[in-house]
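**Q** any chance you could fold what I've pasted below:
(2 chains)
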Amino acid sequence: GENVEQHPSTLSVQEGDSAVIKCTYSDSASNYFPWYKQELGKRPQLIIDIRSNVGEKKDQRIAVTLNKTAKHFSLHITETQPEDSAVYFCAASMRNFNKFYFGSGTKLNVKP
Amino acid sequence: SAVISQKPSRDICQRGTSLTIQCQVDSQVTMMFWYRQQPGQSLTLIATANQGSEATYESGFVIDKFPISRPNLTFSTLTVSNMSPEDSSIYLCSVNTGRNTEAFFGQGTRLTVV
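**A** Predicted coordinates for the structure are as follows:
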């Protein structure tokens, strides 16, 4: 099955700085890559996603890049704010199956 | 989008007993999934709940331990059988409304086995 690796496991930044989280996947058949944010005690919520037919997608302060050849994708958060503090999970979905394989998570701490 | 109601939200159970978790969706969905999230860990897929047929289990998970029902397109149950403390975890129901689209999650069931 698919194997998704995520780094770093923890990330601490100053408010206003940028944060970058990186993931790699193993199965070239994966073609959908969502990013989820999970606040303490809450369910995961989608923040951005990318499909394999594009290399980059941006939504305000959040962007995701995908390198299909290298099988890696990254989440970029600019101008971080304290409310960005949470655990972020990347995931990969195998073609036509819709089940997600998640990375190990990154705990982001934005210091005011 | 999809609104998912999952219950119970939490439970404390004795080892050796079983707990059934229910997942109700506000619309018909083809694909429903069950995940486990151990404390401070990532989400691990347990199985795909198939309507009208047996669930499809991921490596490391078996039907005898985690029987799943999917009687219709809006409802599924996951049973955690013969529980041990190692089963203490959060169990989440998830649905997709289309292929390669966002997954929506229930609020989770926090299970503690004592």
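**Q** elements contacting the lowest-mean-pLDDT helix or strand in chain B?
**A** Among the helices and strands of chain B, strand B:103-105 carries the lowest confidence by mean pLDDT, DSSP states H and E, at a mean of 91. Here strand B:103-105 touches strand B:89-96, going by 3 or more C-beta pairs under 8 Å, 6 or more residues apart in numbering or on different chains; DSSP states H and E. Quick note: C-beta positions are derived from backbone N, CA and C, even for glycine.
**Q** list the contacts of the strand it packs on.
**A** Contact with strand B:89-96 is made by A:43-44, A:98, A:100, B:2, B:4, B:6, B:21, B:23, B:25, B:29-39, B:43, B:46, B:76, B:78, B:80, B:102-106, B:108-111, as judged by C-beta atoms under 8 Å, 6 or more residues apart in numbering or on different chains.
**Q** what subset of these is buried?
**A** A:43-44, A:98, A:100, B:2, B:4, B:6, B:21, B:23, B:25, B:29, B:31-37, B:43, B:46, B:76, B:78, B:80, B:102-106, B:108-111 (16 or more other C-beta atoms under 10 Å in any protein chain shown).
**Q** right, and the helix or strand after the least confident helix or strand of chain B?
**A** strand B:109-113 (DSSP states H and E).
**Q** and that next one, how far out from the chain's middle?
**A** Taking the mean of its C-alpha atoms, strand B:109-113 sits 12 Å from the chain's own mean (C-alpha atoms, centre = their mean, to the nearest Å).
**Q** ok, stretch A:59-78 next?
**A** On C-alpha atoms, centre = their mean, the centre of stretch A:59-78 falls 7 Å from the chain's centre.
**Q** got the CA positions of it in PDB?
**A** Extracted in PDB, the C-alpha atoms of stretch A:59-78 (Å, rounded to 0.1, in the frame of the first residue of the first chain):
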ATOM      1  CA  ASP A  59      -5.400  30.000  -1.300                       C
ATOM      2  CA  GLN A  60      -4.600  33.200   0.500                       C
ATOM      3  CA  ARG A  61      -1.800  32.500   3.000                       C
ATOM      4  CA  ILE A  62      -1.600  28.800   2.200                       C
ATOM      5  CA  ALA A  63       0.000  27.100  -0.800                       C
ATOM      6  CA  VAL A  64       0.800  23.600  -1.800                       C
ATOM      7  CA  THR A  65       3.300  22.400  -4.300                       C
ATOM      8  CA  LEU A  66       3.600  19.000  -5.900                       C
ATOM      9  CA  ASN A  67       6.500  17.300  -7.600                       C
ATOM     10  CA  LYS A  68       5.200  14.100  -9.200                       C
ATOM     11  CA  THR A  69       8.600  13.000 -10.500                       C
ATOM     12  CA  ALA A  70      10.100  13.100  -7.000                       C
ATOM     13  CA  LYS A  71       6.900  12.100  -5.300                       C
ATOM     14  CA  HIS A  72       6.800  14.900  -2.800                       C
ATOM     15  CA  PHE A  73       4.500  17.700  -1.900                       C
ATOM     16  CA  SER A  74       4.800  20.600   0.500                       C
ATOM     17  CA  LEU A  75       2.500  22.900   2.500                       C
ATOM     18  CA  HIS A  76       3.600  26.500   2.700                       C
ATOM     19  CA  ILE A  77       2.000  28.900   5.200                       C
ATOM     20  CA  THR A  78       3.000  32.500   5.000                       C
END
